[in-house]
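*Asks:* can't give you the sequence, but here's the structure:
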């Protein structure tokens, strides 16, 4: 017995055949197809709306993140500015400390230079004083030699009369171009009175009578004060008939010079000299 095909097997074949026989025009006019299109459109619109909402949410999140990033960046810039300001402050403080150190160093160097200069000045002064003392000793020795050779008179009673470069070593004495009478023409006399350092010399005129002429160019007496740098006591020569004033030297050495020309003879002068301690 031949069995007939099963219905379950034939149903798919029938459906396929039926679908095959349906035309495109029939499908487009079919309400079911229109409903599918509407469903697809609705789904697409809602999907689009959902995408718009998602996009808005995403943009909000992005904007929020961007704002946070900007805020973090501003905070970072502020902190960086604070750090830079702190660094500048440290650098400025360091610079001031260096300048202060330099100023102190300059002040110290200036003080050292001043002390060194004072020391040099003191050494120079001591050296100059030593040289002066040596020169004074040499002069004293030369004067003593001249005194020994020339036999200069130093009596307190008799005046030392005219001669050249007479050295008076006594602490007190008298000087005159002649003991009595008148001095001679064309005469040059000189006396050196020298005392130890720390003494001055006082000169008192006991008598004075010389030829008088303009600027004392004829006969005159000069009193020179000092050793190396000499100055005229009174600032000028003396002549005529008036006694010069009493004089006191500024140093321990005085040189007295007398000169007479070829005309006119007079009594001359007489001087008393004495030592004064500073």
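*Replies:* Noted; the coordinates are in hand. Everything numeric here is computed off the predicted structure, so don't read it as measured data.
*Asks:* reduced to three states, what does residue 66 come out as?
*Replies:* When classified by DSSP: H, G, I helix; E, B strand; the rest coil, residue 66 comes out as helix.
*Asks:* same deal with residue 274?
*Replies:* With three-state DSSP as the basis, residue 274 sits in strand.
*Asks:* if I look at it, how far off is residue 169?
*Replies:* 13 Å (Cβ to Cβ, to the nearest Å). All C-beta spots, glycine's among them, are computed from the backbone N, C-alpha and C.
*Asks:* again with residue 122
*Replies:* 34 Å.
*Asks:* please apply the same query to residue 71.
*Replies:* Where residue 169 is concerned, residue 71 sits at a distance of 109 Å (Cβ to Cβ).
*Asks:* do the same with residue 267
*Replies:* Using Cβ to Cβ, one gets 27 Å for the distance from residue 267 to residue 169.
*Asks:* residues contacting the residue lying closest to residue 269 once chain neighbours are set aside?
*Replies:* With Cβ to Cβ, 6 or more residues apart in numbering as the criterion, residue 269 has its nearest non-adjacent residue at 4.6 Å, and that residue is residue 208. Contact partners of residue 208, counting by Cβ atoms under 8 Å, 6 or more residues apart in numbering, are 238, 240-244, 269.
*Asks:* likewise for residue 266?
*Replies:* Applying Cβ under 8 Å, 6+ apart to residue 266 gives the contacts 182-183, 209-211, 219.
*Asks:* make CSV out of these and add secondary structure and pLDDT.
*Replies:* What follows is the contacts of residue 266, written out as CSV (DSSP: H, G, I helix; E, B strand; the rest coil; pLDDT from 0 to 100):
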residue, secondary structure, pLDDT
182, coil, 92
183, coil, 93
209, strand, 94
210, coil, 95
211, coil, 93
219, coil, 95
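*Asks:* for the residues you listed, pick the one with the most neighbours.
*Replies:* The residue in the contacts of residue 266 with the most neighbours, by other Cβ atoms under 10 Å, is residue 219 (27 neighbours).
*Asks:* narrow the contacts of residue 208 to just the buried residues.
*Replies:* With burial judged by 16 or more other Cβ atoms under 10 Å, the buried subset of the contacts of residue 208 is 238, 240, 244, 269.
*Asks:* wait, the last one touches residue 220, no?
*Replies:* No: between residue 269 and residue 220 no contact is recorded; they are 10.6 Å apart, counting by Cβ atoms under 8 Å.
*Asks:* what residues are shared contacts of the two?
*Replies:* Here residue 269 and residue 220 share the contacting residues 210, 258, scored by Cβ under 8 Å, 6+ apart.
*Asks:* sorry, back to before: where's the residue nearest to residue 269, which helix or strand?
*Replies:* Per DSSP states H and E: residue 208 is located in strand 199-209.
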